[in-house]
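Participant: Sequence isn't available, so here's the structure alone:
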């Protein structure tokens, strides 16, 4: 009887012990009892700089003084410089290079870098520290990006995201729109932008009847990889279909031709342009009127146009990024998440506590107001939530950034967000999308302009490039490059 009582006591003790470090019955996820007198120390590497870093550091201090102090967690954060600097530091640590520091407990990461680290079994599965209810509060596609396989393990956690918007030089748009009856609503589709760009070229050409073919370009875009990835998805196909880290290539010729027709063709005709490093640079020099780029770059939209020695102030319009005609309202999601290095359950749990706290509505909206990114909780993606946090915390938000926020938040419930899944060499694949068509368009346009300068008519010079054979030649090379990844 005595042995039986001892056995029962041991079972009770073991059960209580497991309840303290396993999945709790109240649905709060796996929890680990920490000691506030001997706090777990966490190191975070990130790439934030300037106002972003200042706000992140402020929030880390708040965490340490509140939840961290209560739970027994102390966080230290370090900026590694740029995104590429951070990736280099992570890779050096991963490879055990001489002089490299150990991997931090948490680090900012894009999915391709996190996937490479996970392939070496160095990342913690965060799913065990969150309940389904907790994860359901986050934007679905943001969470899905962190599942690299079909095993339910969550390796990358969203902390802030950006998408794309279209910004327009309102000051120079208005005379054109008034004269031609053009509306901003026409820019809602990719094909609509092409049509408006042609109209703008022809209208500006008419301003100098004594000088033929001197119309101005209307539009440009920053990311060609997003153009391919999102354009294809809007039309119902994934150019990179990924399952369990394995990529299946889908380069449907008819759909790729539509993308060609709405970038290469208008580019060759002078309706589109890409001259500076970013399209906001081209707006500043007066070379284009509008561009599609990241919400996080809105702050760089110029306040003036400078042409030669002359400059004048401009206002702006923010509108949604375009959708392929007849396609679904799908927008790109981009921006690094945070990964947690596999270690012991005390450090992993502590990391999950910080990430939960940091991504709650108040903290996350305060951070994104300084970083020009979007919050990751569904409930935080509303203008009311944004305005409330701005007012409560007396935050001064750049007006361009605020207008991007409100544009996206007003359309949030009607929008699906998408990014490609992680796979080997996904970075290289994106680079092919970024440069293949863009480089060809620029090279062909330069060659055509040289031929025109030598006396060939614009119509004759252009006709040599706008052929099925030219498309087929590029398309074959494009597909081959992707197949060789």
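Facilitator: Nice, I can see it. The structure presented is a predicted model; accordingly, all values stated were derived computationally and were not measured. Residues are numbered from 1 along each chain as shown.
Participant: residues contacting residue 208?
Facilitator: Contacts for residue 208 (C-beta atoms under 8 Å, 6 or more residues apart in numbering) come out as residue 214. (Glycine included, C-beta is placed from N, CA and C.)
Participant: swap in the one 5 residues further on?
Facilitator: Listed by C-beta under 8 Å, 6+ apart, the contact partners of residue 213 are 205, 270, 452, 458.
Participant: what two of these are the furthest from one another?
Facilitator: When the contacts of residue 213 are compared pair by pair using C-beta to C-beta, the two farthest from each other are 205 and 452, 14.4 Å apart.
Participant: Next up, phi/psi of residue 293, please.
Facilitator: Reported as degrees, to the nearest 10, the phi and psi values for residue 293 are phi -150, psi -180.
Participant: what pairs with it across the strands?
Facilitator: On the basis of DSSP bridges, residue 293 is bridged to residue 165.
Participant: Just the pLDDT at it, thanks.
Facilitator: Per-residue confidence (pLDDT) for residue 293: 97.
Participant: Please apply the same query to the one 10 residues further on.
Facilitator: Residue-level confidence at residue 303 comes out at 98, pLDDT.
Participant: List the contacts of it.
Facilitator: With C-beta under 8 Å, 6+ apart as the criterion, the residues that contact residue 303 are 313-314.
Participant: If we use 10 Å, what do you get?
Facilitator: Remark: with contacts taken as C-beta atoms under 10 Å, 6 or more residues apart in numbering, residue 303 is in contact with 284, 311, 313-316, 400.
Participant: again with residue 312
Facilitator: Residue 312 is in contact with 171-172, 286, 304-306, counting by C-beta under 10 Å, 6+ apart.
Participant: Just the buried ones out of the residues you listed, please.
Facilitator: When neighbours are counted using 16 or more other C-beta atoms under 10 Å, the contacts of residue 312 contain these buried positions: 171-172, 286, 305.
Participant: Using JSON lines, lay out these together with distance to residue 382.
Facilitator: Output for these, formatted as JSON lines (distance: C-beta to C-beta, whole Å):
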{"residue": "171", "distance to residue 382": "31"}
{"residue": "172", "distance to residue 382": "33"}
{"residue": "286", "distance to residue 382": "37"}
{"residue": "305", "distance to residue 382": "34"}
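Participant: do you know how far residue 396 is from residue 402?
Facilitator: Distance, residue 396 to residue 402, using C-beta to C-beta, to the nearest Å: 10 Å.
Participant: Name the residues contacting each of the two.
Facilitator: Jointly contacting residue 396 and residue 402 under the rule C-beta under 10 Å, 6+ apart are 369, 390.
Participant: quick check, residue 167 in a strand?
Facilitator: Yes. Counting by DSSP: H, G, I helix; E, B strand; the rest coil, one finds residue 167 located in a strand.
Participant: State which helix of the chain is the longest.
Facilitator: Selection of the longest helix in the chain by residue count, based on DSSP state H, yields helix 426-453.
Participant: For that one, list every residue counted as buried.
Facilitator: By neighbour count, with 16+ other C-beta under 10 Å as the criterion, the buried positions of helix 426-453 are 426, 429-430, 432-434, 436-438, 440-441, 444-445, 448, 451-452.
Participant: and it, how far from the chain's centre?
Facilitator: Taking C-alpha atoms, centre = their mean, to the nearest Å, one finds the center of helix 426-453 at 23 Å from the center of the full chain.
Participant: what's the average pLDDT for that helix?
Facilitator: Computed over helix 426-453, the average pLDDT equals 98.
Participant: what's the next secondary structure element after it?
Facilitator: Using DSSP states H and E, the helix or strand that directly follows helix 426-453 along the chain is helix 458-463.
Participant: Which strands or helices does that following helix pack on?
Facilitator: On a contact count with 3 or more C-beta pairs under 10 Å, 6 or more residues apart in numbering; DSSP states H and E, helix 458-463 meets helix 264-268, helix 426-453.
Participant: mind giving me JSON lines with these and columns for distance to residue 417?
Facilitator: Rendered in JSON lines, the data for the helices and strands packed on helix 458-463 read as follows (distance: least, C-beta to C-beta, whole Å):
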{"stretch": "helix 264-268", "distance to residue 417": "27"}
{"stretch": "helix 426-453", "distance to residue 417": "17"}
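Participant: which stretch among those helices comes nearest residue 63?
Facilitator: Counting by C-beta to C-beta, residue 63 lies closest to helix 426-453 out of those; the figure is 32.0 Å.
Participant: just checking, which of the contacts of residue 312 belong to helices?
Facilitator: Counting by DSSP H, the members of these that fall within helices are 171-172.
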